[in-house]
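**Q** return a 3D structure for these sequence lines:
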Amino acid sequence: MTLAAFVKVMIALRAIENLNIKNELNIDQAKPAKSSTLVQLNPNWVTGFMDGEGSFIIAILPSTGPLKKKISLRISITQKAHSKIVLFYLQKFFDCGQVIPSSKDCMRFVVQSKEDIIKKIIPHFNNYPLKTSKQLNFESFKEASEIIRKGEHLELKGLNKIIEIKNKMNRNRSFEELFNYLNLKEIILNPHWVQAFVDAEGTFGTLISKSEATNKIITRNRLSISQSSHDYSILKAIKEFFNAGSLSPRQENINSLEKARSCNDSSFYYNSSPETFIDFFDAYPMFTRKSLDYLDFKKFYLLKKNKHYLTEVGFKEMTFIAMNMNSGRDILSNSRRKSK
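**A** Okay, here's the model as predicted:
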């Protein structure tokens with residue numbers, strides 16, 4: 001069988017294999033699944049996903065009122081349309097908010113009702129605090145919400161205080177403050193938090209190649225997670241959670257503010273030993289389309305473990321899996337649509 005013919009067969013098999021999973025994820029459906037079919041999220045999962053994908057936003061908008069300005073508070077979590085089902089999970093969990101288009105191929109869950117923020121959003125993150133330095137933005141957001149709850153934002157002093165808070169949040173917050181917040185903090189991770197954070201920030205990657213000169217075959221399965229260097233401590237905590245993997249840069253090269261600043265704002269957790277985390281992700285599965293990548297990752301790992309790559313068919317099968325995971329899945333989906 002030629003490689004082209006093999007790929008066609010594999011595409012057909014992949015379509016059948018993924019059909020039930022896609023239906024569960026609601027990938028190609030315009031409307032959300034019925035409420036009864038939505039997953040009931042664990043509160044720690046919600047915090048973990050917010051740590052990875054969420055934003056706390058204070059907006060200053062023009063107004064016709066006496067102060068000529070008004071305050072808008074909102075939280076926002078964005079996903080590619082293929083994984084929008086998790087946004088409906090979040091909507092069900094908080095019992096508020098909307099799932100709306102964000103861009104051409106993205107959707108977002110947004111809560112902007114002041115009452116919902118004060119009565120539902122703030123209490124959740126008080127009870128289940130964020131683990132990353134995003135907690136600092138929540139604390140600022142919470143401070144602003146308290147000013148609004150008291151009605152003080154209707155006076156110039158309260159309005160100016162909220163503007164001052166906003167101007168120190170998110171991208172305006174200093175690297176030094178972010179680094180110092182986590183550097184000496186004890187971080188204990190809940191399994192549901194890890195489940196969600198990996199769903200938001202992790203990548204299940206595979207690689208297979210053959211040297212033309214020696215015919216030597218190289219294979220790799222690797223879970224990777226990247227973070228800004230000021231949140232290096234989170235990656236360290238994940239490494240300790242799995243009791244496996246490695247960090248880049250090494251801890252001794254980032255254990256001070258000066259060293260962290262010089263790391264090009266990128267740090268990584270790598271784990272190339274799937275046996276140390278497969279049982280975990282079988283028990284705590286991905287909810288986004290990343291579930292498909294995990295299943296392919298696991299299949300690749302089992303084929304690798306059984307040395308399936310030593311046969312021509314096995315090598316082609318593993319190559320196909322590696323090529324059509326993650327961003328390759330989008331290419332595969334687009335090619336299917338064009339062929340119809």
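**Q** so residue 236 sits against residue 246, correct?
**A** No - applying C-beta atoms under 8 Å, one finds residue 236 not in contact with residue 246, separated by 10.9 Å. Heads up, the C-betas are built off the backbone N, CA and C, glycines and all.
**Q** between the two, tell me which one has more neighbours.
**A** When neighbours are counted by other C-beta atoms under 10 Å, residue 236 and residue 246 differ, and residue 236 comes out ahead with 17 against 13.
**Q** quick check: closest non-adjacent residue to that one.
**A** Computed as C-beta to C-beta, 6 or more residues apart in numbering, the closest residue to residue 236 that is not its neighbour in sequence is residue 247, at 6.4 Å.
**Q** so residue 64 lies in a helix, does it not?
**A** No - under DSSP: H, G, I helix; E, B strand; the rest coil, residue 64 falls outside any helix and is assigned coil.
**Q** quick one: it and residue 153, what's the gap?
**A** 16 Å (C-beta to C-beta, to the nearest Å).
**Q** show me which of these two is the more surrounded one.
**A** residue 153 (24 against 6).
**Q** surely that one meets residue 159?
**A** Yes - using C-beta under 8 Å, residue 153 is in contact with residue 159, at 5.5 Å.
**Q** common neighbours of the two, please.
**A** residue 71 (C-beta atoms under 8 Å, 6 or more residues apart in numbering).
**Q** is the residue nearest to residue 236 located within a strand, as I assumed?
**A** Yes - membership of residue 247 in a strand is supported by three-state DSSP.
**Q** what is the burial count for residue 56?
**A** 26.
**Q** shouldn't it be within a helix?
**A** No - remark: residue 56 does not belong to a helix; assigned using three-state DSSP, it is strand.
**Q** surely it touches residue 141?
**A** Yes - under the criterion of C-beta under 8 Å, residue 56 makes contact with residue 141 at 3.9 Å.
**Q** can you list residues touching both of the two?
**A** With C-beta under 8 Å, 6+ apart as the test, residue 56 and residue 141 both reach 75, 169.
**Q** domains in this protein, by residue range?
**A** 3-31+187-339, 35-173 (automatic domain parsing).
**Q** for residue 181, find the nearest of these.
**A** domain 35-173 (5.1 Å; C-beta to C-beta).
**Q** with adjacent residues omitted, what lies nearest to residue 136?
**A** residue 181 (5.8 Å).
**Q** same question for residue 48.
**A** Using C-beta to C-beta, 6+ apart, the closest residue to residue 48 is residue 196 (3.2 Å).
**Q** how many neighbours does the one you found have?
**A** Neighbour tally, residue 196, other C-beta under 10 Å: 28.
**Q** any idea how far residue 229 is from it?
**A** Following C-beta to C-beta, the distance that separates residue 196 from residue 229 is 22 Å.
**Q** equivalent analysis for residue 133, please.
**A** Counting by C-beta to C-beta, the gap from residue 133 to residue 229 is 11 Å.
**Q** neighbour-wise, which of those two wins?
**A** residue 133 (24 against 20).
**Q** okay then, goodbye and thanks.
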